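1. Make a model of this:
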Amino acid sequence: MDATPNERGFMFTGIITEMGTVATRTRSGISISTNKRFLRRLKRGDSIGIDGACLTVVAKNGSSFSADIMPETAHRTTLPDLPRGAYVNLELPATPISFLSGHIVQGHIDGVGKLVSVVRKGNSRMLKFSIPRTLSKYVVEKGSIAVNGVALTVVKAGRKYVTVGIIPHTWESTSFRTVKVGDKANIEVDVLAKYIEKLTRRA
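-> Here you go, the predicted structure:
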């Protein structure tokens, strides 16, 4: 059941519900083409997760929607660098009746990582990303992390990297299926870890 506008929240779960492609892009805005069924669920002023970044729909037509990119978002994310035609992950905000099958994702990107390797392991793929040390301190094995908006479980955590496992369904249903070594990705660490750090420092 679709949520009514006043039921929509500003939190995500990291479970990608649709994909789109970049139609146009500038440092101050982006337009995304996607299917009509998904577009019918959007209205001007709605929040939407684009590759994990929470943006606001400012316009839409029969084939695409547009969102503004503020300077902080441009600085923190990969959005200003996405080429035309690039696949992006899309997610609508969670609602009070949403099933939390991922984890709490704010849509506030902490920084950018870079794909170092992709290794097949059984029916899945292990993706290793280099990440800034300022973020790695919040990442622990078996903890939660969002990469391009996808809620994932950390397989390995190092001082400058994180490894996550991608099952076949996630691979086929998200932009991961198009990635290659060297690609950049939006990283959001677990917000609870950041709160705990601040509280313990005060203590």
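2. Could you check how many residues crowd around the residue nearest to residue 11 when sequence neighbours are not counted?
-> Once flanking residues are discounted, residue 11 sits nearest to residue 94: 5.0 Å by C-beta to C-beta, 6 or more residues apart in numbering. Just so you know, the C-beta spots here come from the backbone N, C-alpha and C atoms, and that holds for glycine as well. Residues contacting residue 94 under the criterion other C-beta atoms under 10 Å number 21.
3. Using CSV, list the CA coordinates for stretch 119-127.
-> Extracted in CSV, the C-alpha atoms of stretch 119-127 (Å, rounded to 0.1, in the frame of the first residue of the first chain):
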residue,chain,number,x,y,z
VAL,A,119,35.8,-11.2,-6.0
ARG,A,120,33.4,-14.0,-6.6
LYS,A,121,32.8,-16.2,-3.6
GLY,A,122,30.2,-19.0,-4.0
ASN,A,123,27.0,-17.4,-5.3
SER,A,124,28.0,-14.0,-4.1
ARG,A,125,30.5,-11.2,-4.7
MET,A,126,32.8,-9.6,-2.2
LEU,A,127,33.3,-5.9,-2.8
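4. hang on, isn't residue 163 packed against residue 126?
-> Yes: with contact defined as C-beta atoms under 8 Å, residue 163 counts as touching residue 126 (5.7 Å).
5. Overlap in contacts, these two.
-> Residues touching both residue 163 and residue 126 by C-beta atoms under 8 Å, 6 or more residues apart in numbering: residue 155.
6. Just the mean pLDDT for the longest helix along the chain, thanks.
-> Longest helix in the chain by number of residues (criterion: DSSP state H): helix 191-202. Computed over helix 191-202, the mean pLDDT rounds to 87.
7. do the same with stretch 143-161
-> Rounded mean pLDDT across stretch 143-161 is 96.
8. Show me which parts of that stretch are buried, residue by residue.
-> Residues 143-152, 154-155, 157, 161 are the ones in stretch 143-161 that count as buried (16 or more other C-beta atoms under 10 Å).
9. Next: stretch 16-36.
-> Within stretch 16-36, the residues scored as buried using 16+ other C-beta under 10 Å are 16, 18-23, 25, 29-34.
10. quick one, strands of the protein?
-> 18-26, 29-33, 47-50, 53-60, 64-68, 87-91, 111-121, 124-130, 144-147, 150-157, 161-166, 184-189 (DSSP state E).
11. closest to residue 169 among the buried residues of stretch 16-36?
-> Nearest to residue 169, judged by C-beta to C-beta, of the buried residues of stretch 16-36 is residue 16 at 10.5 Å.
12. how about the nearest residue to the closest one, chain neighbours excluded?
-> Counting by C-beta to C-beta, 6+ apart, the residue nearest residue 16 is residue 89, at 4.6 Å.
13. Can you tell me how far that neighbour is from residue 184?
-> Distance of residue 89 to residue 184, given as C-beta to C-beta, to the nearest Å: 14 Å.
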